[in-house]
Structures are given as structure tokens and as C-alpha cells.
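S.K.: Got a sequence here, can you model it:
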Amino acid sequence: MFTLCEQFLAVLIPLSHCSKSNGEKYLNITKVTSQPLLRACRKFLARNPIANVLPLGDIYSPLLQVSDIYSATSNNHVIGVSAVYHGFSTPSIVFGVAEPKIKQALLKKAINEIPNDFISLCQPHETNLFKEHATIRDSHFEQQMIAYPPKHIRCNNINATKISKNEFELLNKFYVEHHAKAWAPIQFRAGPYYCVKYNGKIVSVAGVHLATPQIVQLGNILTDEAYRNRGFATACTNELAANLAAKGKIISLFVGIDNVPAIRIYKKLGFSKARNIAFLVMKRN
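M.R.: This is a model prediction of the structure:
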């Protein structure tokens, strides 16, 4: 029996094979500026929402407002998509599932939007895509975990509550004070954030990094160091996942492969490993 991820991957195989017969001379790389092409890119990425979660999220509001999207088309069919996200101080570039030559063509075009340093998340075997354009300055490995649906567990009467719009400044202050590298204020508009408070102060948070009609990527799960090992992050993630599961979403998250305590908690919440991810910090050549 196929796993959930393998089922989505299988959908893309005929399209991938078809692109080989089209010939490289018909490949067209375009910056996406029209609504029809945007919709075509969304449809292409939605064939495999798990593997395409990052570019898929960048192509939907609110992240679309701070992203540049590029498409690879052949015979008027989208066969590849990349996104350059400018929401962080260091831009990031990600790719949808496609053949290596298509990703290389997309990278050659998209790299022009990147002034100097940038980051990318890709599969470990894809790091060679960047060797002609950049030098890897730092890297580490993560794994993508999926819950569909998650498990809702009891959290010892810990009260994790949804953060309201009026509490945004309080949330932003928490992330800034804790030097959250993956936080950008625009993400608050992507989906709900849940927190645990102590004496009116936020001490733990779990939120949504990006959201699409098919899948949601959790992010910025963080607890103040003085309040760790009390189950606060588990309670926040538990309530957040329940909220999203009620909407029928696939729930995705990334976690360091050596973060054994966090992986153990996510498994308890019904998450399972989908694939490995390489997180690359690079400098343009």
C-alpha cells in the first residue's frame, strides 16, 4: 500500500515522463505575472502538496505578496515552478517537484532576484543544483513530518489559547526577543497561532508558516527557555493541529533530524516522517 506521500508522488510521474519527450528547446522560463498562469502553477503544485508544500505556500496569499514566482512551461503546460520568498531578511528559493534540468533552468532565471546570501530547502541529493551559482556556507538536515489527521491528546490541563489580532504585537515581541529566525510578521495572516501564557506573558507558541487549500505548514513552535519541559509547546501544537484538522487540511512541519525530543512529541500527536530535507545557507558566486 502506498503511503500518503507516495500516492501524491505517483500522480506526477506521467507528467514528468512526458516532459522528457518535449525536448529542452521548448522549455520556457517565465516570471509569473498573470492570473491564468498563476492558477496553472497552483494546479501543478497541488498534484503533490506534500513535496511541494513550500512553493505551494509561497504562491498563495499572504506569502504571495512577498514572493517572486517562476514557471517552466512546455507546449503550454506547466512542468516546473520555483519561488523566491522575500519575507525574511535573507531570501529563500524553493522548487516544486520537477526534473533536474528544469530546476536548473528555473534557478538560472530566479537567481537574478537574489542579491547575495540566500537560503534553500531541498532534498539532500539536490544540493548539486546550486554548485554553478553559489557556495554553501552552512547546512543542516531536517525531516518533514505529516499528520493527516493528527491525534488530539490530553495535556494535563495546560490552557493553550488562540492568539487574537489584538495580541499580535505581544506575539511579535515574543518572537523578536527570542530571535526566531523563521518568523516574519506576514505569517500571522496565514493561519492561527496558539499560545500558553504565564502571568499575562506569552511563554510558548505554535503557529502557521503558510497555508494552502490542501496543506498547512506549521512553524515558529517556540518556548521561552525558562518554561521548557512543561508540555507547553505540546499543548500549543495539539490545539493548533486540532483547529486545522477540523478544516480537513494535511498538516506538515519540519524538525531537525537530531531533535529527538521534538520528534517524539510530534509522533505522539500523530505525525510521521515523509522525507529528509537539506537546509542550505548559500552565498552567490
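S.K.: show me the contacts for the closest residue to residue 145 other than its chain neighbours.
M.R.: In space, residue 145 comes closest to residue 271 once its chain neighbours are excluded; the distance is 4.0 Å by Cβ to Cβ, 6 or more residues apart in numbering. From N, CA and C alone the C-beta is placed, and that goes for glycine too. Counting by Cβ atoms under 8 Å, 6 or more residues apart in numbering, residue 271 touches 145-147, 150, 251, 253.
S.K.: what do you get for residue 137?
M.R.: Contacts here follow Cβ under 8 Å, 6+ apart; on that basis residue 137 touches 117, 281-283.
S.K.: Out of the residues you listed, which sit inside helices?
M.R.: Within these, membership in helices is found for no residue, as judged by DSSP state H.
S.K.: residue boundaries of the strands in the stretch 101-250 of the chain?
M.R.: In the stretch 101-250 of the chain, strands defined by DSSP state E, counting those that start in this stretch lie at 117-122, 134-147, 161-162, 194-198, 201-211, 215-223, 250-256, listed in chain order.
S.K.: In TSV, list the ones you listed along with distance to residue 52 and mean pLDDT.
M.R.: Rendered in TSV, the data for the strands of the stretch 101-250 of the chain read as follows (distance: least, Cβ to Cβ, whole Å; pLDDT from 0 to 100):
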stretch	distance to residue 52	mean pLDDT
strand 117-122	12	97
strand 134-147	11	97
strand 161-162	28	98
strand 194-198	26	97
strand 201-211	11	97
strand 215-223	9	97
strand 250-256	10	98
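S.K.: Please dump those strands into JSON lines; it should also carry distance to residue 69 for every row.
M.R.: Output for the strands of the stretch 101-250 of the chain, formatted as JSON lines (distance: least, Cβ to Cβ, whole Å):
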{"stretch": "strand 117-122", "distance to residue 69": "15"}
{"stretch": "strand 134-147", "distance to residue 69": "20"}
{"stretch": "strand 161-162", "distance to residue 69": "31"}
{"stretch": "strand 194-198", "distance to residue 69": "30"}
{"stretch": "strand 201-211", "distance to residue 69": "14"}
{"stretch": "strand 215-223", "distance to residue 69": "17"}
{"stretch": "strand 250-256", "distance to residue 69": "20"}
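S.K.: what's the neighbour count on residue 98?
M.R.: Other residues near residue 98 number 23, with proximity taken as other Cβ atoms under 10 Å.
S.K.: Look at it and report its pLDDT.
M.R.: The confidence metric pLDDT takes the value 97 at residue 98.
S.K.: Likewise for residue 177?
M.R.: The score at residue 177 is 97. That number is its pLDDT.
S.K.: From residue 146, how far off is it?
M.R.: According to Cβ to Cβ, to the nearest Å, residue 177 and residue 146 sit 31 Å apart.
S.K.: which one of these two has more residues nearby?
M.R.: Counting neighbours by other Cβ under 10 Å for residue 177 and for residue 146 shows that residue 146 has the greater number, 23 against 10.
S.K.: For the more buried one, give the beta-bridge partners.
M.R.: residue 252, residue 272 (DSSP bridges).
S.K.: quick one: which of the contacts of residue 137 is most hemmed in?
M.R.: Among these, residue 282 has the most neighbours (other Cβ under 10 Å), with 22 neighbours.
S.K.: what's the most distant pair in the contacts of residue 137?
M.R.: Taking Cβ to Cβ, the two most distant members of these are 281 and 283; they sit 8.2 Å apart.
S.K.: in stretch 137-148, what counts as buried?
M.R.: 142-148 (16 or more other Cβ atoms under 10 Å).
S.K.: closest to residue 158 among those?
M.R.: residue 147 (19.6 Å).
S.K.: And for residue 277, nearest residue in space, chain neighbours not counted?
M.R.: The nearest residue in space to residue 277 (Cβ to Cβ, 6+ apart) is residue 142, at 4.5 Å.
S.K.: correct me, but that neighbour touches residue 274?
M.R.: No. Because the distance of 11.3 Å does not satisfy Cβ atoms under 8 Å, residue 142 is recorded as not touching residue 274.
S.K.: Find the residues that touch each one of residue 281 and residue 283.
M.R.: 117, 137.
S.K.: which residues touch the helix or strand harbouring residue 94?
M.R.: Taking DSSP states H and E as the criterion, residue 94 maps to strand 92-95. Contacts with strand 92-95, where a contact means Cβ under 8 Å, 6+ apart, come from 54-55, 58, 80-85, 103, 106-107, 110-111, 114, 118-122, 126.
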